[in-house]
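S.K.: this one's structure only:
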């Protein structure tokens, strides 16, 4: 990772130096588009059923494979580039991406004595965002009014993610609340993510110094959080954050841990790291403006 960061920094400085010597060929780009997530994460979802009688209990569980990708959503870009020859240019593009909501649901249904029902539903909603930059080398295939091109580069993103959980209970058993619910918001800490991207597209000349472009790109990038914390926790609408210990609020994601490290209530709970895919296939369209031809 350190070597890749050094390469990226080098590309940035090269781009700046080239822009100084070839300022007559500077251009700006701005665009927006939509991304379809790829390289899904898989989760085991379950629906439990229990039929409880006075002398017996019958149970079964339905398992389902849940698939989500944090790479689906809207993104905007703003870039600076410079031509370094007839067929090559260097670009540094900043971007902001916000993923669509990804929903996972587990459920449990119990029937007591053919009379009382108990339903428990847990719904988790994941959302994420990433902002960063993409240094790229562009190869232009030539042409007059329409110029196709391809890009190859890196992606450096600062990523964060939120998980909202709604835990609902519907209960017909005597002596219990008919409805209960717990709701929480868990914020994964922002972390740097590094990946690669490849792009193909074309531009069309609209007027002197102004062009429009359309492109299709693929970015391979993942987010691995290292820590997180609950920022909201409610029971039946009442804030109960003050009732939680430090170990219940704060979490650290590590490569390995011993269960004895999670005994204290005054230190963050350690759990194993997980990887979330932000890889995506994106369609982007926008404008390219030459500052000086």
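M.R.: Thanks, I have the structure now. Worth saying up front: this structure is predicted, and the values here are computed from it rather than measured.

S.K.: following the helix or strand where residue 90 lies, which helix or strand comes up?
M.R.: Residue 90 is part of strand 88-99 when elements are defined by DSSP states H and E. Sequence order places strand 102-112 as the next helix or strand after strand 88-99, per DSSP H and E.

S.K.: The helix or strand that comes right after that next one - what's its average pLDDT?
M.R.: The element immediately downstream of strand 102-112 (helix or strand, assigned by DSSP H and E) is strand 116-140. Strand 116-140 shows a mean pLDDT of 96.

S.K.: How about stretch 269-279?
M.R.: 95.

S.K.: Over to stretch 148-163?
M.R.: Average pLDDT, stretch 148-163: 96.

S.K.: Then stretch 97-105?
M.R.: The average pLDDT for stretch 97-105 rounds to 95.

S.K.: contacting residues around it?
M.R.: With C-beta atoms under 8 Å, 6 or more residues apart in numbering as the test, stretch 97-105 has contacts from 35, 37, 43, 45, 66, 68-75, 121-131, 157, 278. Just so you know, the C-beta spots here come from the backbone N, C-alpha and C atoms, and that holds for glycine as well.

S.K.: For it, buried residues please.
M.R.: Going by neighbour count (16 or more other C-beta atoms under 10 Å), the buried part of stretch 97-105 is 97, 99-100, 102, 104.

S.K.: From these, pick the one nearest residue 216.
M.R.: Nearest to residue 216 out of the buried residues of stretch 97-105 is residue 97 (C-beta to C-beta; 15.9 Å).

S.K.: residues contacting the residue located most distally from the centre of the chain?
M.R.: No residue in the chain sits farther from the centre than residue 55, which is 49.2 Å out by C-alpha atoms, centre = their mean. Residues counted as contacts of residue 55 (C-beta under 8 Å, 6+ apart): none.

S.K.: How about the one 5 residues further on?
M.R.: Residues counted as contacts of residue 60 (C-beta under 8 Å, 6+ apart) are 48-49.

S.K.: Is it within a helix or a strand, and which one?
M.R.: Residue 60 is located in strand 57-68, with elements delineated by DSSP H and E.

S.K.: That strand: which residues count as buried?
M.R.: By 16+ other C-beta under 10 Å, the buried positions in strand 57-68 come out as 66, 68.

S.K.: strand partners of it, parallel vs antiparallel please.
M.R.: strand 41-52 (antiparallel) (DSSP bridges).

S.K.: For the strand it pairs with, give me every contacting residue.
M.R.: 57-70, 104-113, 275-277.

S.K.: Ok, stretch 108-119 next?
M.R.: 47-54, 107, 120-121, 168-174.

S.K.: And the residues you listed, which of them are buried?
M.R.: 107, 120-121, 169, 171.

S.K.: roughly how far out does the strand holding residue 60 sit from the chain middle?
M.R.: Distance of strand 57-68 from its chain centroid, counting by C-alpha atoms, centre = their mean, to the nearest Å, is 26 Å.

S.K.: Could I get the average pLDDT for the next helix or strand after that strand?
M.R.: Elements were assigned by DSSP H and E; along the chain past strand 57-68, the next helix or strand is strand 73-83. Strand 73-83 comes out with an average pLDDT of 95.

S.K.: for stretch 31-51, same thing?
M.R.: Stretch 31-51 comes out with an average pLDDT of 94.

S.K.: which of the residues in it are buried?
M.R.: 31, 33, 35, 37-38, 40-41.

S.K.: How about residue 40, nearest residue that isn't a chain neighbour?
M.R.: residue 67 (4.2 Å; C-beta to C-beta, 6 or more residues apart in numbering).

S.K.: Fine, thanks again, bye for now.
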